[in-house]
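Chemist: coords please:
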Amino acid sequence: MSRFSPITVIDSPRYDEHETSGGEHPEIPARSKIIRERLTTGALAAHITIAVPQPASRQWLTTFHTENYLLRFEEAVLAGKTYMGHPDNQICFESYDIAILAAGGGLTAIDLIEDGQAKLVFCSVRPPGHHAEEALALGFCFLNNVALAAHYWHKHYKRKKIFIIDFDAHHGNGIQAAFEENADIFYASLHEHPSYSFPGTGYAEDIGTGNGKNFTMNIPLPPGTGDDIAIQMFDEKVGAAIDRFKPEAIIVAAGFDSHLLDDMSGLNYSTIVYSKLGARIRTWADKLCGGRVLSILEGGYHLESLAAGVEAYLAGLALQDT
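Modeler: Here you go, the predicted model:
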């Protein structure tokens, strides 16, 4: 028996076409390239199948983003602007199409899962998405890949309860905004404390509103937090919440900028922590929702630790019990 379960990776060389300010920007094409190289030549290569994403249709883009925002995004690209809203949000002529292809990665993955062609799927997409709000580009993000995937799974395939886990170093303000009034989609985020970290949201007292009260969980961590505390919080808080919620599917906003070598946060995770996170998510998925796990790349800007973190996470997610 193989030591690892099969892993499907959604990827396209077109993701490299989203160019950002000639290498001075942290969210660069090399991020996709180094992950691609590691996964196709490293220890998991024999267990990985690459699948090509399809662009997200307008029908699904507008489950979260407004028509006006999509038009403004497209117009900014066609007009040759170099950023949208803020210099952090660098764009080029291809950025609108590539963002739609990134959003489509999650939808393509869900189709594969629901068709029985895959269980563990990792979307190695860029640009990232969890900061993007309904009508606002923010923090390198233009379309909220995770929020759109959750809407698609919920509406198209009628998965009634979806649990989103976000372990990026930064709070996913856009995901929280999408679902903070929704009791069918639980959002749990483990991130650096907003007093010290962009975007300044994600306090522990933010637990959702209206019908969604108590279906949002924020776990802010102080700068310097390492593996032991992160895993303890993950087990005690996320583990308890997911066990109570009993989802039909899990979506992971997988960010790797908490690594001690990544200067985009003050968290100090080692590479091995991502393997441990993956193993726990696999256990929860097998127990609660037929093993259905969709992971979508978010942050991670130190190239070597990004590639190593993705590989470790997928190894933990796919490792079979012996």
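Chemist: what number of residues lie near residue 8?
Modeler: 21 (other C-beta atoms under 10 Å). Where you see a C-beta, it was placed from the backbone N, CA and C, and this is true even at glycine.
Chemist: buried sites along the host helix or strand of it?
Modeler: Secondary structure assigned from DSSP states H and E places residue 8 in strand 7-10. Across strand 7-10, burial judged by 16 or more other C-beta atoms under 10 Å covers 7-10.
Chemist: likewise stretch 194-209?
Modeler: 194, 197-198, 201-202, 206, 208.
Chemist: using the three-state scheme, assign residue 50.
Modeler: strand (DSSP: H, G, I helix; E, B strand; the rest coil).
Chemist: roughly how far does it sit from residue 251?
Modeler: Relative to residue 251, residue 50 is positioned 20 Å away (C-beta to C-beta, to the nearest Å).
Chemist: higher neighbour count, these two?
Modeler: Taking neighbours as other C-beta under 10 Å, residue 50 and residue 251 compare with residue 251 leading, 29 against 13.
Chemist: whichever helix or strand the more buried one is part of packs against which elements?
Modeler: Using DSSP H and E, the element containing residue 251 is strand 249-254. Counting contacts by 3 or more C-beta pairs under 8 Å, 6 or more residues apart in numbering; DSSP states H and E, strand 249-254 packs against helix 145-156, strand 162-166, helix 272-288, strand 293-297.
Chemist: quick one, helices of this protein?
Modeler: For the chain, the helices defined by DSSP state H occupy 30-41, 58-61, 67-78, 95-114, 145-156, 173-179, 227-233, 240-245, 272-288, 303-318.
Chemist: now render these as JSON lines, adding mean neighbour count and mean pLDDT.
Modeler: Formatted as JSON lines, the helices of the chain follow (neighbours: other C-beta atoms under 10 Å; pLDDT from 0 to 100):
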{"stretch": "helix 30-41", "mean neighbour count": "18", "mean pLDDT": "98"}
{"stretch": "helix 58-61", "mean neighbour count": "16", "mean pLDDT": "98"}
{"stretch": "helix 67-78", "mean neighbour count": "16", "mean pLDDT": "98"}
{"stretch": "helix 95-114", "mean neighbour count": "25", "mean pLDDT": "98"}
{"stretch": "helix 145-156", "mean neighbour count": "25", "mean pLDDT": "98"}
{"stretch": "helix 173-179", "mean neighbour count": "25", "mean pLDDT": "98"}
{"stretch": "helix 227-233", "mean neighbour count": "15", "mean pLDDT": "98"}
{"stretch": "helix 240-245", "mean neighbour count": "15", "mean pLDDT": "98"}
{"stretch": "helix 272-288", "mean neighbour count": "20", "mean pLDDT": "98"}
{"stretch": "helix 303-318", "mean neighbour count": "23", "mean pLDDT": "98"}
